[in-house]
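A.B. asks: no sequence on this one, just coordinates:
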Ligand SMILES: NC(=O)c1ccc[n+]([C@@H]2O[C@H](COP(=O)([O-])OP(=O)(O)OC[C@H]3O[C@@H](n4cnc5c(N)ncnc54)[C@H](O)[C@@H]3O)[C@@H](O)[C@H]2O)c1
Ligand SMILES: N[C@H](C(=O)O)[C@H](O)COP(=O)(O)O
């Protein structure tokens, strides 16, 4: 019996550093077969540009999974319609980017792949071509018919989950309702138990407003929504602390107890995590029917093809993915 597994990887925006990162991954042998869902011509061209070794094998779904030695990768070929120049965004390739995500997602749903790792996409250029796309997280939730999923970023010593993701700041408050907050916490607890093996996860929850509302003088969301929801969950034996002021929650005495911090919005939690993670942070989507991880940075268009893209985040993401599927 062949017990090897396959992880499907989408490089993301072809003009960005995603392809460079895939070439960097290929310089090492990995204990699973990496299936890159991309245009093979693009991969080969970027490897040449970077002066790195790359031998490509066509993906054969009916063959047993085969981990490749250093310098080799498996490719599930999808053709990019327009020429790709590193560093030059082209909206004519946006449908190609989405096609790679769709194929990889469907392959995970169908059991063909054990997990999905995504490189960075450029949200602006996808929208410029007329597609409505806010991020991978929302895209995969919709494709998997999940009403709600949760974005969590992790380093070796910190996890930060987000109550809301890619929303204008003005829309954040109204997105925090008792039912949405309870649903997010239940997804986090379930996935920390199922995927991370934490029996009774402890969640430290940030307030929304400065000083967690200062007793109602700086906002009422804590009094009207957040605290009553957390209290109700505590009666159901959820292990939750908060809401605590976001400016002081990230200190060792709390973090030693917390299995994750739940931030109310994107830029409340992620700057701390990304500063602490120094480029090694990993993004994971909780609540999907499969494991999906990602780099915790963007397309860094200006670095594509230069040899200066740091591959630490994608390597951390791959290592975490392998750990989670094993
Ligand atoms: N996982 C994803 O798909 C993802 C994540 C974040 C941002 N994005 C998208 O990326 C695009 C560009 O976003 P941005 O400019 O805000 O962020 P960015 O992460 O692309 O760049 C921010 C800064 O970090 C540097 N940087 C980023 N990754 C690096 C790496 N691996 N090695 C060395 N330096 C690196 C860049 O050079 C730049 O100075 C946007 O469209 C954004 O939505 C995608
Ligand atoms: N907020 C994410 C980050 O900063 O890494 C990022 O925008 C990516 O989100 P998706 O994985 O949903 O595209």
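C.D. replies: Alright, I've got the coordinates. All values reported here derive from a predicted model rather than from experimental measurement. Ligands and ions are numbered 1, 2, ... in the order given.
A.B. asks: got the residues of this protein near ligand 2?
C.D. replies: Taking C-beta under 6 Å from any ligand atom as the criterion, the neighbours of ligand 2 within the chain are 135, 136, 137, 266, 270, 283, 294, 296. Placement of C-beta: from N, CA and C, glycine included.
A.B. asks: And the closest residue to residue 206 other than its chain neighbours, how close does it get to residue 172?
C.D. replies: Nearest in space to residue 206, with sequence neighbours left out and distances taken as C-beta to C-beta, 6 or more residues apart in numbering, is residue 246 at 4.0 Å. Here the criterion is C-beta to C-beta, to the nearest Å. By it, residue 246 lies 13 Å from residue 172.
A.B. asks: Now the common contact residues for those two.
C.D. replies: Taking C-beta atoms under 8 Å, 6 or more residues apart in numbering as the contact criterion, the residues that touch both residue 246 and residue 172 are residue 264.
A.B. asks: Of those two, give the one with the bigger neighbour count.
C.D. replies: When residue 246 and residue 172 are compared on other C-beta atoms under 10 Å, the one with more neighbours turns out to be residue 246, at 23 against 18.
A.B. asks: Could I get the contacting residues of the more buried one?
C.D. replies: Remark: with contacts taken as C-beta under 8 Å, 6+ apart, residue 246 is in contact with 206, 207, 212, 263, 264, 268, 269.
A.B. asks: show me the contacts for the fourth one.
C.D. replies: The contact partners of residue 263, by C-beta under 8 Å, 6+ apart, come to 160, 161, 162, 163, 206, 246, 269, 270.
A.B. asks: how about these in TSV, adding secondary structure and pLDDT?
C.D. replies: Conversion of the contacts of residue 263 to TSV gives the following (DSSP: H, G, I helix; E, B strand; the rest coil; pLDDT from 0 to 100):
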residue	secondary structure	pLDDT
160	strand	98
161	strand	98
162	strand	98
163	coil	98
206	strand	98
246	helix	98
269	helix	97
270	helix	96
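A.B. asks: Any chance of CSV for the residues of the chain next to ligand 2, columns secondary structure and neighbour count?
C.D. replies: Rendered in CSV, the data for these read as follows (DSSP: H, G, I helix; E, B strand; the rest coil; neighbours: other C-beta atoms under 10 Å):
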residue, secondary structure, neighbour count
135, coil, 19
136, helix, 23
137, helix, 23
266, helix, 18
270, helix, 20
283, strand, 23
294, strand, 26
296, coil, 24
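A.B. asks: What are the structural domain limits within the protein?
C.D. replies: In terms of domains, the chain is parsed into 6-146+288-325, 150-274 (source: the TED database).
A.B. asks: wait, which of those is closest to ligand 1?
C.D. replies: domain 6-146+288-325 (2.4 Å; C-beta to the nearest ligand atom).
A.B. asks: and that closest one with ligand 1, contact?
C.D. replies: Yes - Domain 6-146+288-325 comes into contact with ligand 1 when judged by C-beta under 6 Å from any ligand atom, the residues involved being 12, 17, 120-124, 136, 294-295, 297-300, 302-303, 309-310.
A.B. asks: Just the buried residues of those.
C.D. replies: Burial by neighbour count, judged by 16 or more other C-beta atoms under 10 Å, picks out 12, 17, 120-123, 136, 294-295, 297, 299-300, 303, 309-310 from the residues of domain 6-146+288-325 next to ligand 1.
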